[in-house]
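> predicted structure and sequence below. I'll ask about it afterward.
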Amino acid sequence: MDTILIVDDEKNYPLILSAVLADEGFETLTAHSGEEALELLANSDVDLVLTDMKMPSMDGIDLLEKIKQKDPELPVIMMTAHGTVEKAVEAMQKGAYNYILKPFDNDQLIIYVRKAVSLYAVVKDNQRLRNAVESQYSFGNIIGKSKPMQDVYDIIQKVAPTNATVLIEGESGTGKELVAKSIHFNSPRRDKPIVAVNCSALAETLLESELFGHEKGAFTGAAGMKKGRFEVAEGGTLFLDEIGELSQNLQVKLLRVIQERVFERVGGTKPVSVNIRFIAATNKNLKSEVEQGRFREDLFYRLNVVNIALPPLKQRQGDIRLLVYHFLNKYSGQRSGLTPVQGINPKVERLFFDYSWPGNVRELENLIERAMILCGGDTITLDDLPSDFRENVYNILHFGGIPADASLGDTLIMVEKRMIERALKLSNNVQSHAAKMLGIGKSGLNQKIKKLGIRIGSNP
């Protein structure tokens, strides 16, 4: 719902205009001075200012100049009597959208208002598009060629053109927000905003106001009306990250919005309708949370229309090399004036393959960024990696997970099989390269592959 601020020192004019505009579906705020108008603008979301020209203390032109300093794109329509037409023309030269003569025809006013509000909506959309570089989140920029990621791509391609609600599940650092943005920017809503809310970052009282907005005076410090994320995302997508952290109270309210697309601002009674798509994400198992009574079953099924399960990095080891070189390129600008980093040492690549990556892709990205800062040559070596990382990787056998009664022979077979599988993955299943990496002949490697029952080409 678009909001119009009416500024006039006459008491009756704002009341009359509010009634006229309310009949046309607009929400209105009123002020009787320029100072009061600026205070409302500082605390409220406004789509148009309709101001009188002649006012004591601060006239319409002074108010216009201050508004343009705050938001150059916010449209201002000047209301003026015949005797101040020259002033109105001056206001147009200083950035006013239009002016209208008192007494005016209501139909003409509505035409001006609708055009100004529509123009402002287009300007805001263009600003959003400039700020969010679409190519950064395009489908092709999700990195990975492994089978688990191919399955994710397939779901994104099918669900993006629809309005279906999507639930993205996966460990922290697997790229849930990137997938959400890829869905949005490959959907018919791509030209509208995608608004993200981290449900775990705010207290319940603050989160409710953040989602639904609030009316003036709804709570201490609410100096003006504020639109929530639901309204800001109008026409676009609302991404609810860490949805599993939502309180039971907010779960009930969210369920209503998903079902009816209607809500009230905090402290308000007027229903507000929204047209948005919902995408939620969690690092929890929501089905288990439902069984434990911590998450509403009805909300779970409303969110889980299409489910995308993101694999942890340890299950998509075939993507590690791709990701490494993607991040090398991403952070190459940090080495201005230094030797460009061309790649990583083979020993480092083997360590990366062996590591369990508890922080997933985010951990790999942070590690590459750090290594590029410390790297003294054109190749990242073991010395460029943190010592605690190397210690964790060297513990790759996880002896605590080996049965106490396991024989030495069985344990050696397990290690041998793992090393061969690793070499095959690192060499893209080229057996001659894998054999060289392991320090054995190709025929010897082929015999071991058959003996250990290793399937070629089944690597993730």
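Yes, it's here.
> for stretch 257-264, buried residues please.
257, 258, 263 (16 or more other Cβ atoms under 10 Å). Using the backbone N, CA and C atoms, a C-beta is placed for each residue, glycine as well.
> would you map the strands across the stretch 1-150 of the chain?
For the stretch 1-150 of the chain, the strands defined by DSSP state E, counting those that start in this stretch cover 3-7, 27-31, 48-52, 76-80, 98-101.
> can you redo the ones you listed as a markdown table with mean neighbour count and distance to residue 364?
Below are the strands of the stretch 1-150 of the chain laid out as a markdown table (neighbours: other Cβ atoms under 10 Å; distance: least, Cβ to Cβ, whole Å):
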| stretch | mean neighbour count | distance to residue 364 |
| --- | --- | --- |
| strand 3-7 | 23 | 45 |
| strand 27-31 | 20 | 48 |
| strand 48-52 | 25 | 48 |
| strand 76-80 | 23 | 50 |
| strand 98-101 | 18 | 55 |
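> mean pLDDT and distance to residue 366 added to the ones you listed, as JSON lines?
Listed next are the strands of the stretch 1-150 of the chain as JSON lines, based on pLDDT from 0 to 100; distance: least, Cβ to Cβ, whole Å:
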{"stretch": "strand 3-7", "mean pLDDT": "95", "distance to residue 366": "42"}
{"stretch": "strand 27-31", "mean pLDDT": "94", "distance to residue 366": "45"}
{"stretch": "strand 48-52", "mean pLDDT": "95", "distance to residue 366": "45"}
{"stretch": "strand 76-80", "mean pLDDT": "92", "distance to residue 366": "47"}
{"stretch": "strand 98-101", "mean pLDDT": "90", "distance to residue 366": "52"}
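> TSV for the ones you listed, including distance to residue 41?
Converted to TSV, the strands of the stretch 1-150 of the chain look like this (distance: least, Cβ to Cβ, whole Å):
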stretch	distance to residue 41
strand 3-7	7
strand 27-31	9
strand 48-52	8
strand 76-80	11
strand 98-101	19
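> residues contacting residue 189?
Counting by Cβ atoms under 8 Å, 6 or more residues apart in numbering, residue 189 makes contact with 235, 236, 237, 277.
> and the closest residue to residue 31 other than its chain neighbours, how far from residue 451?
Spatially, and ignoring its direct neighbours in sequence, residue 31 is nearest to residue 37 (4.0 Å; Cβ to Cβ, 6 or more residues apart in numbering). Distance, residue 37 to residue 451, using Cβ to Cβ, to the nearest Å: 83 Å.
> got it, and residue 167?
As judged by Cβ to Cβ, residue 167 and residue 451 stand 44 Å apart.
> the two: who's more crowded?
The residue with more neighbours, out of residue 167 and residue 451, is residue 167; 22 against 11, by other Cβ atoms under 10 Å.
> double-check that the more buried one belongs to a strand.
Yes - counting by DSSP: H, G, I helix; E, B strand; the rest coil, one finds residue 167 located in a strand.
> low pLDDT regions in the stretch 351-460 of the chain?
Counting by pLDDT under 70, the ranges of the stretch 351-460 of the chain that qualify are 393-404, 457-460.
> where do the strands of it begin and end?
Per DSSP E, counting those that start in this stretch, the stretch 351-460 of the chain carries strands over the ranges 379-380.
> any idea which helix is longest in this structure?
Looking across the chain with DSSP state H, the single longest helix is helix 106-131.
> quick one: it to strand 3-7, angle?
120 degrees (axes from the mean of the first three to the mean of the last three Cα atoms, to 10 degrees).
> in terms of secondary structure, what does helix 106-131 contact?
When contacts are defined as 3 or more Cβ pairs under 8 Å, 6 or more residues apart in numbering; DSSP states H and E, helix 106-131 packs onto helix 12-23, strand 48-52, strand 76-80, strand 98-101.
> for the least confident helix or strand in the chain by mean pLDDT, name the packing helices and strands.
Of all helical and strand segments in the chain, the minimum by mean pLDDT, DSSP states H and E falls on helix 387-394, at a mean of 74. Contacts defined by 3+ Cβ pairs under 8 Å, 6+ apart place helix 387-394 against helix 346-354.
> can you name every helix or strand that the helix it packs on contacts?
With contacts taken as 3+ Cβ pairs under 8 Å, 6+ apart, helix 346-354 sits against helix 320-330, helix 387-394, helix 408-426.
> got the angle between the longest helix of the chain and strand 76-80?
160 degrees.
> quick check: which of the helices and strands packed on helix 106-131 is nearest to residue 336?
For the helices and strands packed on helix 106-131, the distance to residue 336 is smallest for strand 76-80, at 44.4 Å, taking Cβ to Cβ.
> note down every partner strand of that closest one and its orientation.
Using DSSP bridges, strand 76-80 pairs in its sheet with strand 48-52 (parallel), strand 98-101 (parallel).
> any idea which of the ones you listed gets closest to residue 434?
strand 48-52 (67.6 Å).
> just for this protein, where's the confidence low?
Looking at the chain by pLDDT under 70, you get 82-84, 126-140, 393-404, 457-460.
> tell me the domain boundaries of it?
The record's domain parsing of the chain by automatic domain parsing lists 3-131, 155-310, 314-394, 403-452.
> TSV for these, including distance to residue 144?
Shown next, in TSV, are the domains of the chain (distance: least, Cβ to Cβ, whole Å):
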stretch	distance to residue 144
domain 3-131	27
domain 155-310	9
domain 314-394	4
domain 403-452	14
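> nearest to residue 146, of those domains?
Of all the domains of the chain, domain 314-394 comes closest under Cβ to Cβ, at 4.2 Å.
> for the closest one, the distance to its chain's centre please.
The chain centre lies 26 Å from the centre of domain 314-394; the measure is Cα atoms, centre = their mean, to the nearest Å.
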